[in-house]
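Student: pasting the structure only:
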């Protein structure tokens, strides 16, 4: 078993807000992240694919194919977007880094050979990072 | 003459839009950055101060003082904000990285000993960077 | 299961010396790290917490809470200190990167919800790194 | 159980080409990496060793010893080399990042105490990474 | 006056060899870099453009235009190439990092508005860097 | 004119203390950096040399020579040392980052061809940086 990782990135705006909570509770719990006018991040994304090397090609997976899938299915969808307003995925899901990582994992799970396991590492800032492996 | 540099950061949402242009021209010129619902960035900020070493202390400027000024006057003002909606500075100024750098330079120029020259380096992303020295 | 990681840092002096060994053996084994006058490092610390997302908040753990605990319990204790002379933890324990990582893990294990597992990654330099998960 | 990681690097040229395939298939499959005149990379290498701390020294493994082994057995062998032409290892093995990681793991497995498990992380570029643990 | 910088990268093989020198002198002077079978690098490139902000757009230069020029004129020309064998520029010029920086500066000088000054920063490795401003 | 930069590093302990000041003034002015038992840093050092390319070799200066000088004259002198106690240079000079940069510049100025200008960039931490050009 071997793993390959591809780094990508996208920039987006978001707001953390639970519609079932009062304004006061949202402001207290999420702090600055609750700003009603949104704030934003440069999201750095690492996608790791694990499986067996193909003996013939010496590849686990073609990196051009993998990076193409990530660009088309993840980055094009979220880059330069307002996650709360411009995406289907976060219409009813709070766009915390944790939830964004889970959403990306689910998107890519449908696109990548099921013989491979996949893992997502998402940097919301250089100091706050989330990892999800399904 | 010696220079000291302090790195800080803030996260913000913004939109690039010239009110004097048509919607079509804005969309064509600014591309994804014109998204009416905003997008965002992790802005990394380097402030460089240049002058003569104080022989007695061995400091050019006390880094705790410098980082305190940057936090209070710049980061607290812009962090987790929507630059277009939440700040006075960008009510009538397009928040391009160039303009943000000039605004930060002007803010800090008023706060730092005029015997020192200052320079701003602003990373909008890890690949797009602006520098301004007045 | 999901993991979140928070990066912090502290600067400290230390010396590697086993009191049960001769001066010669210490000098030979630890080399430059045995310098009796101490040397020092910028320690970069990554704390990873693993568990289940709280559906209501979309958080695994509040990053402000986590970073506050790390600052208060770890960084304030070790930052700008001589690990051998200024701390209780290394009075009788050699402050190798391995032992520092174990000490930090034990400190944080007492502070973080036992439903979560925790892991420590400590960079003594950018080329020498230790990881400990209990 | 604790892990220590040492970072090293080497620069090399390589070409991806399967001698059992036609020129057309090689060109189509490997793309630019198939260039008959070679291209090259700065390979960043992280070697992770996992085991139990030696209570007496506070070390898992002496980092000077570990870095010496990596320099002598891996970097000296591959640094500033053409992997296809100048090395025994890739005479009959396509030097993909995956295969290079496996080769390095096998080289180091013979050199490091079998009580320790080892893992290799190889950065072919800052965006393409391979990990192998045997 | 303000500066904007765009980062790009390309991977290439090269060999340092002066045809006017003996094999012995080449081997002694260039060391490992003289390997007749080539070695290679991940070249990180920063292009800095300096001039006056356009008041209307808030841009010095459109970053999409700048990055497009760099990709088309520099990266496509050198990426995954053997600089000695596959390029016109280094047929009769030794591809040291210094010479590569000068060649890139000359290529871009012809493409960018002469009202702007330009500067090149080229990382041959993360520890060896060249800067050229014409 | 072209510039080449070489990165190196050393680890050291230090204490900021002005013997002409009272203990109280030292503690207040230097804060944690005044700790009588010392603290330490990983110092990252960039040395930039500027001059004309040698047409024959394509080099400004041989990087192996430059890195050898830096290792021998700077890193070997300060690495794993207590700057206050173990070095001649800081017996009577407070080892602030500013003063360390000036000392390193003076050391290297004596070693490098006077046709070249030199510049020092010293990272005391990743967020505090000093530059000195004589």
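Tutor: Everything's here; your move. Keep in mind it's a predicted model, so treat the numbers as computed, not measured. Numbering: from 1, shown residues only, chains lettered A, B, ... in the order given.

Student: and for the longest helix along chain A, what are the contacting residues?
Tutor: Ranked by residue count, the top helix of chain A under DSSP state H comes out as helix A:97-109. Residues from elsewhere that reach helix A:97-109 (Cβ atoms under 8 Å, 6 or more residues apart in numbering or on different chains): A:43, A:45, A:47, A:69-70, A:73-74, A:77, A:83, A:89-90, A:93, A:118-122, A:124, A:128-134, C:2, C:4, C:53, C:58-60. (Each C-beta comes from the backbone N, C-alpha and C, glycine too.)

Student: same question, stretch A:116-132
Tutor: A:3, A:41, A:43-51, A:60-61, A:97-98, A:100-102, A:104-105, A:108-109, A:112, A:133-134, B:9, B:11, B:42, C:2-8, C:46, C:48, C:60, C:63, C:67.

Student: now those: which count as buried?
Tutor: A:3, A:41, A:43-51, A:60-61, A:97-98, A:100-102, A:104-105, A:108, A:112, B:9, B:11, B:42, C:2-8, C:46, C:48, C:60, C:63, C:67 (16 or more other Cβ atoms under 10 Å in any protein chain shown).

Student: How is the residue of chain A most remote from its centre assigned, secondary-structure-wise?
Tutor: Here the centre of chain A is the reference, and by Cα atoms, centre = their mean the most remote residue is residue A:56, at 32.0 Å. Three-state assignment for residue A:56 (DSSP: H, G, I helix; E, B strand; the rest coil): coil.

Student: Can you give me the neighbour number for residue A:116?
Tutor: A count of nearby residues for residue A:116, using other Cβ atoms under 10 Å in any protein chain shown, gives 18.

Student: Can you tell me how far it is from residue A:65?
Tutor: To residue A:65, residue A:116 is 12 Å away according to Cβ to Cβ, to the nearest Å.

Student: got the contact list for residue A:85?
Tutor: With Cβ under 8 Å, 6+ apart, residue A:85 has these contacts: residue B:37.

Student: hang on, it is in a helix, isn't it?
Tutor: Yes - under three-state DSSP, residue A:85 sits within a helix.

Student: From residue A:42, how far off is it?
Tutor: Taken as Cβ to Cβ, the span from residue A:85 to residue A:42 is 19 Å.

Student: and the longest helix of chain A, what's its mean pLDDT?
Tutor: Mean per-residue pLDDT for helix A:97-109: 98.

Student: chain center to it: distance?
Tutor: Counting by Cα atoms, centre = their mean, to the nearest Å, helix A:97-109 is centred 5 Å from the centre of its parent chain.

Student: same thing with stretch A:28-39?
Tutor: The mean C-alpha position of stretch A:28-39 is separated from the chain mean by 20 Å, Cα atoms, centre = their mean.

Student: now stretch A:110-129
Tutor: So, by Cα atoms, centre = their mean, the centroid of stretch A:110-129 is 7 Å from its chain's centroid.

Student: do the same with stretch A:64-82
Tutor: With Cα atoms, centre = their mean, you get 10 Å for stretch A:64-82.
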